[in-house]
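Novice: next come a sequence and a model predicted from it.
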Amino acid sequence: MGCVVQTAGQKHVVKVDWILSKGESAKDEYVLYYYSNLSVPTGRFQNRSRLVGDVLQNDGSLLLQNVQEADQGNYTCEIRLKSESLVYKKSVVLYVLPEEPKELTVHVGDSTQMGCFFQSTGEKRVTKVNWMFSSGEHAKEEIVLRYDVNMYKGYFWNQGRFHDRVNLMGDLSHNDGSIMLQTVKDSDQGVYTCSIYLGKLESRKTIVLRVAQGKSQLSFSKTPPPEGSRLVILDGNQVVVIVGIVSATLLLLPVLILIVKRTKCNKSSAHLIASVKNLENKEETNLEKHVYSSIATWEAEEKEPSGEPEGTYMIMHPVCHSSYKAPSSALSSVRSK
């Protein structure tokens, strides 16, 4: 929050007071005071406020860090110059917006953008951007990306394991220091801290990145595997081999069905032919055994009529239908009878 006094003379600042007023009924709070070359933050602002202006240039600007909802209100800056009884005042109304989400979830192998903006009403531009990473509370911080406008044509540095995977995506002319992290790894999970500097003013944002397993990984079990078992994950080559085997099986299946049907048909035909031959042999044998010839004879005897019906007698002689032939004499005798 800026507080600069414009004077024609070379008078220096001797006292600066920053006071917060939250309303008519609320009691005013001292945020910070400066006197005798000593800057003293007070109360709940003790570890979160400090002078960032150059008092030798009549600049008593205040930096308030880690802003909280209770910090919203009207801030009044009072500056006294040496050998003057006048008090220069400037008021700044601070509105605290809802906090942006600080957690991101991304899958392994994907890319994610992490935003970092400096909202300022002044005309100052970004002079430096620092992105740092920590995998845990007690882990050593690693440099993700650094930018310094004071170096020749600006200076970017993102060596280490983030090299070639982090790019500055924001527009620094609009106080945007957002970055893009590509090809996310499991080891990228942790806390990312962005610090943007506008001269001596600093804005800081923290983002927690959580890394989930890749969507392209395949598993053949949706339920948790039993204790002591291993979950089988197939790579790309194994999947291609399995798909090829299944496709070949589906293509050859009609051919296999046709071969089986023909085999069954041949077996059925052979069985049928054998049955017919067996039946013919049986019939031929039965005919030879059970064919008889019948010869009817009549005995001409003169009897007195008795009133009883005449009897007819048949004598059966077994003969072979194929090789037996009756003698001509027998046939003539039968005809004569």
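Specialist: Sure thing, it's come through. Numbering: from 1, shown residues only.

Novice: remind me which residues of the stretch 51-200 of the chain are low pLDDT?
Specialist: Scanning the stretch 51-200 of the chain with the threshold set as pLDDT under 70 gives 99-101, 120-123, 152-155.

Novice: what residues of stretch 165-185 count as buried?
Specialist: 165-166, 168, 170, 172, 175-179, 181, 184 (16 or more other Cβ atoms under 10 Å). All C-beta spots, glycine's among them, are computed from the backbone N, C-alpha and C.

Novice: redo the residues you listed as a markdown table? Include distance to residue 108 and secondary structure.
Specialist: As requested, the buried residues of stretch 165-185 are exported to a markdown table (distance: Cβ to Cβ, whole Å; DSSP: H, G, I helix; E, B strand; the rest coil):
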| residue | distance to residue 108 | secondary structure |
| --- | --- | --- |
| 165 | 13 | coil |
| 166 | 17 | strand |
| 168 | 23 | strand |
| 170 | 25 | coil |
| 172 | 30 | helix |
| 175 | 32 | coil |
| 176 | 27 | strand |
| 177 | 26 | coil |
| 178 | 22 | coil |
| 179 | 19 | strand |
| 181 | 12 | strand |
| 184 | 6 | coil |
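
Novice: direction included, what does the strand ranked longest in the chain pair against?
Specialist: Longest strand in the chain, counting residues (DSSP state E): strand 201-212. Within its sheet, strand 201-212 is paired with strand 103-107 (parallel), strand 190-198 (antiparallel), according to DSSP bridges.

Novice: identify the residues contacting the last one?
Specialist: So the one you mean is strand 190-198. 114, 116-118, 120, 122, 124-136, 139, 141, 144, 175, 177, 179, 202-209 (Cβ atoms under 8 Å, 6 or more residues apart in numbering).

Novice: which two in the buried residues of stretch 165-185 are spaced the farthest apart?
Specialist: Greatest spacing in the buried residues of stretch 165-185, by Cβ to Cβ: 175 and 184 (26.3 Å).

Novice: quick check: residue 110 touching residue 184?
Specialist: Yes. Residue 110 is within contact range of residue 184, at 5.6 Å (criterion: Cβ atoms under 8 Å).

Novice: what do these two both touch?
Specialist: With Cβ under 8 Å, 6+ apart, residue 110 and residue 184 have no common neighbours.
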